[in-house]
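1. kindly return the folded structure for what I paste below:
(one chain, ligands or ions: 1)
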Amino acid sequence: MNIIDFRSDTVTMPTEKMREVMAGALVGDDVYREDPTVSALEEIAAKRLGKEAALFVPSGTMGNQIAVKTHTIAGHEVIVENKSHIYNYEVGALASICGVQAHPISSDLGAINPDTLREAIREEDIHYAETGLICLENTHNQHGGMAVPIENMKTVYEIAQENQIPIHLDGARIFNAATYLKTDVKNIAEYADSIMFCLSKGLGAPIGSILVGDREFIEKARKVRKMFGGGMRQAGIIAAAGIVSLEEMIHRLEEDHITAKALGEGLSEINGLKVDLKTLQTNIVMCDVINPKIDTNQLVEDLRKEGILCATAGVNRIRFVTHYPIAVGDIDYTLGTILKVVG
Ligand SMILES: Cc1ncc(COP(=O)(O)O)c(CN[C@H](C(=O)O)[C@H](C)O)c1O
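-> All right, here's what the predicted structure looks like:
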């Protein structure tokens, strides 16, 4: 059976090129800063995002939490967007590991309203926690992979600077945002003090993310990573794949956006399903099941039996994520299968 896995772009498998370079990677003990391949990856990543330094981390979650821990002190309040990954999908690490209080605010599809942000920033008062950090997400996963406009990020950054509060960007899919916005990723990264981005999603690496920022921040973050148990030894073996990601996989993200659009348009033609094509910008398709006779969980299970893997994303909603190597031909097969199952 033909299996097409839309559950997430985290399921991407390493390319043959990645496997080749992994096998031959030059390695050393990265805790002693002696792994030449990790150092090369960090240098490429920092340059690519226009920041002074970078840190290779095992996962996006760890990258986000290292950033929070590095920017804040226990008891700080961190402003987060209420549907963000950092607030909803990192197992309460903001509290349990970083010792900070989350202050969730709403957004317009990931874009933060300036007045909402100003209201959320704590003024000086003996009763109040201090706002220690503002966290953004671009593209925004639960808002269907929406790319937050750069104008909005600039406005938010200016408010943060007025209040001497740093911004961390969860840029797990920042290259998808840059692709959609048709801009260099540096033009997004300039409006955040630290950025985490994933090599292991649409960029296809088997493992890893990168945290970038100024040199002083990254040196502190490196120590926090060690405290978290994230210090790695001959990690050049996995970093080598990350270099291939940055050198060869960014340009093809547009293909994932094209296949997502084709899937979304096809799904919106199927009775009982609804896709808001206005919010379909990148590689995530949020499909609402609007026929009350269709049980969403049963539909996901029925599709699994037909080799189409996807996942629920809240009540009566299914998320499909396109990624390498899903191609347009797979979309036609997928739509035909869904039509058959939905009936
Ligand atoms: C915006 C964002 N930031 C961070 C992460 C965490 O990355 P990892 O810890 O999985 O490497 C994810 C992963 N997202 C995964 C997915 O979408 O399937 C799951 C939900 O964790 C993410 O979407």
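
2. could I get the buried residue list for stretch 65-83?
-> 65-72, 76-81, 83 (16 or more other CB atoms under 10 Å). C-beta: built from backbone N, CA, C; applies to glycine.

3. what about that stretch, start to end distance?
-> Distance across stretch 65-83, first residue to last, is 17 Å (CA to CA, to the nearest Å).

4. so Leu211 sits against Gln65, correct?
-> No. Applying CB atoms under 8 Å, one finds Leu211 not in contact with Gln65, separated by 10.1 Å.

5. among the buried residues of stretch 65-83, give me the pair with the biggest separation.
-> Spanning the widest gap among these are Thr70 and Lys83, at 24.1 Å by CB to CB.

6. any idea how far Ile284 is from the residue in the stretch 151-300 of the chain that the ligand sits nearest to?
-> Residue nearest to the ligand within the stretch 151-300 of the chain (CB to the nearest ligand atom): Ala172, separated by 3.5 Å. Distance of Ala172 to Ile284, computed by CB to CB, to the nearest Å: 11 Å.

7. which neighbours do those two share?
-> The contact sets of Ala172 and Ile284 overlap at Asn141 (CB atoms under 8 Å, 6 or more residues apart in numbering).

8. so what's the residue count around Lys223?
-> Residues contacting Lys223 under the criterion other CB atoms under 10 Å number 12.

9. which secondary structure state does it sit in?
-> Taken by DSSP: H, G, I helix; E, B strand; the rest coil, the conformation at Lys223 corresponds to helix.

10. tell me where the protein has helices.
-> Along the chain, counting by DSSP state H, helices occupy 16-23, 36-49, 60-71, 85-88, 93-96, 114-120, 150-162, 174-181, 186-189, 215-227, 236-244, 253-267, 296-305, 328-342.

11. can I get these in CSV including distance to the ligand and mean pLDDT?
-> What follows is the helices of the chain, written out as CSV (distance: least, CB to the nearest ligand atom, whole Å; pLDDT from 0 to 100):
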stretch, distance to the ligand, mean pLDDT
helix 16-23, 17, 98
helix 36-49, 15, 98
helix 60-71, 3, 98
helix 85-88, 4, 98
helix 93-96, 11, 98
helix 114-120, 19, 98
helix 150-162, 15, 98
helix 174-181, 10, 98
helix 186-189, 14, 98
helix 215-227, 14, 98
helix 236-244, 13, 98
helix 253-267, 13, 98
helix 296-305, 14, 97
helix 328-342, 18, 95
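
12. quick one: which of the ones you listed is nearest Ser107?
-> Nearest of the helices of the chain (CB to CB): helix 114-120, 7.9 Å.

13. now do Asn2, the pLDDT please.
-> If you check Asn2, the pLDDT there is 87.

14. residues contacting the closest residue to it other than its chain neighbours?
-> Nearest residue to Asn2, sequence neighbours excluded (CB to CB, 6 or more residues apart in numbering): Gly307, at 5.3 Å. Listed by CB under 8 Å, 6+ apart, the contact partners of Gly307 are 1-4, 337.

15. most neighbours, which of those?
-> For the contacts of Gly307, the largest neighbour count, defined by other CB under 10 Å, is 19 neighbours, found at Ile4.

16. how long is stretch 99-110 from one end to the other?
-> The straight-line separation of the ends of stretch 99-110 (CA to CA) is 25 Å.

17. so is it next to the ligand?
-> No. Counting by CB under 6 Å from any ligand atom, the ligand is not contacted by stretch 99-110; separation bottoms out at 10.2 Å.

18. could you list the buried residues of that stretch?
-> For stretch 99-110, by 16+ other CB under 10 Å, it's 100-103, 105, 107, 109-110.

19. tabulate the residues you listed (a markdown table), appending distance to Lys278 and pLDDT.
-> Formatted as a markdown table, those follow (distance: CB to CB, whole Å; pLDDT from 0 to 100):
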| residue | distance to Lys278 | pLDDT |
| --- | --- | --- |
| Val100 | 35 | 98 |
| Gln101 | 35 | 98 |
| Ala102 | 29 | 98 |
| His103 | 29 | 98 |
| Ile105 | 23 | 98 |
| Ser107 | 16 | 98 |
| Leu109 | 9 | 96 |
| Gly110 | 14 | 97 |
